[in-house]
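Student: Got a predicted model here, sequence first, then my questions.
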Amino acid sequence: MIWLDRSGVRPPADWVTKVARALRNQAAYDQAVKRFEKLRVNSPTRRKGFKAFSPEVLPKVGGRPEFPPLWGEAKEALAEMSHDKCAYCEGEINAARCQQVEHFKPKSLFPSLAYDWDNYFLACGGCNGAKGDKWPQAGGYLRPDERDPASELQFNTDGTVDPVRAGGDAGQTIRDFELNRRPLVRRRRKHVEIALSRLKDAGGIYRSDQPTGLRLAREEWKRLKDPENTYSAALSQCFSREWARLCPGVPL
C-alpha cells in the first residue's frame, strides 16, 4: 500500500443531478440517511445496514432495494490515481472489467458517503471481497490517500506483511482486507525474491567496484519504488533493509 494523490479524482459536473435522478426521491433518501446515521455505528440496527432500515427510499432491482451503482463512472480516475493497481494490495488490475470501486466507509453503514467520490478507491476482487461491508468496532483502516500508509506496515521477505505497531488501523487493515491471503503472499514473495537477487548481484559488484555497485543498487531501488511498479512498497522496503544489512552505513 502506497500514498495515492487524489487531486485528479473529481466527479463530473452533472454528478449531483445523476445521483438525484437515480435515487428518484432524493429528499426521502436524505431524511432516512440522517435518521440512520444518528444511530451508534455499533448499534444492532445500524449494523444490519441501511437497506434493512429504509428499503422504501431505494430503487428496486429484481424486487429488492439497491443503491444505484453509479460509482462505476469513477473507475477511470481511480485507476489513474492508483496506477492501475489495487489501492490496498498493489496488485495489478489490467482490465476495466476486473476493476472494482471500493467504498472505504461502506455504504451499508454510511449511506451519506455512497456517492461521495472521496470515499472511493480502486480495488481488486480479493481485497474488496474480503472487506465487504466491514467497519471496525473501534478505529478504522489505513487510507491510501492520507500520509504514507507503507510507514505503518512492515513487509517481509516471505511475502507477508505485519503492522509496525501492534493493534490500531494497520492491524485491522491487514486482517479485514486479508492482505496475508495465501495467493497474494505467494505473488509478493516471488517479486521480492527477484528484487533481492538483483540486489545480491549489485552487492557482489560493490565489493570489488564500489561506485558501480552503488549506482546499480540505487537504480534498482529507484525502479522498485516507482508507483507504477507492482508491490512497490513491499519491494522497496525489503530491498532497502537487505542493502543496509549487506552494506551498513552506505545510504541508497
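Tutor: Now that the structure is in, tell me what you want to look at.

Student: The closest residue in space to Ala22 that isn't next to it in sequence: neighbour count?
Tutor: Distance criterion CB to CB, 6 or more residues apart in numbering; nearest residue to Ala22, sequence neighbours excluded, is Pro68 at 3.6 Å. For every residue, glycine as well, the C-beta is placed using N, CA and C. Using other CB atoms under 10 Å, Pro68 has 16 other residues around it.

Student: And Pro68, how far from His83?
Tutor: 29 Å (CB to CB, to the nearest Å).

Student: can you count the residues close to the closest residue to Phe104 other than its chain neighbours?
Tutor: Of all residues not flanking Phe104 in the chain, Asn119 sits nearest, at 5.2 Å (CB to CB, 6+ apart). Counted with other CB under 10 Å, residues neighbouring Asn119 total 19.

Student: so what's Asn119 up against?
Tutor: His103, Phe104, Lys105, Phe110, Leu113 (CB atoms under 8 Å, 6 or more residues apart in numbering).

Student: In strands, which of the residues you listed appear?
Tutor: Members of those lying in strands (criterion: DSSP state E): His103.

Student: Top of the contacts of Asn119 by number of neighbours, please.
Tutor: In these, the most neighbours by other CB under 10 Å go to His103, 22 neighbours.

Student: who are the neighbours in contact with it?
Tutor: So His103 contacts Trp71, Phe110, Leu113, Ala114, Asn119, Tyr120 (CB under 8 Å, 6+ apart).

Student: remind me which residues of this protein are low pLDDT?
Tutor: 203, 206 (pLDDT under 70).

Student: What segments of it are helices?
Tutor: 15-23, 26-37, 44-47, 50-53, 75-81, 125-131, 168-176, 182-208, 210-225, 232-246 (DSSP state H).

Student: Tabulate those (CSV), appending mean neighbour count and distance to Phe155.
Tutor: Converted to CSV, those look like this (neighbours: other CB atoms under 10 Å; distance: least, CB to CB, whole Å):
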stretch, mean neighbour count, distance to Phe155
helix 15-23, 15, 37
helix 26-37, 15, 36
helix 44-47, 14, 33
helix 50-53, 18, 36
helix 75-81, 18, 22
helix 125-131, 19, 16
helix 168-176, 19, 11
helix 182-208, 16, 7
helix 210-225, 16, 12
helix 232-246, 20, 4
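
Student: Which of the ones you listed sits closest to Pro144?
Tutor: helix 75-81 (8.8 Å; CB to CB).

Student: thinking again about what came up before, what sits against the residue nearest to Ala22?
Tutor: Val19, Ala22, Leu23, Pro59.

Student: Test my guess that Met1 contacts Ser151.
Tutor: No - checked against CB atoms under 8 Å, the pair Met1 and Ser151 is beyond contact range at 10.1 Å.

Student: ok, those two, which is more surrounded?
Tutor: Per other CB under 10 Å, whichever of Met1 and Ser151 has more neighbours is Met1, with 29 against 13.
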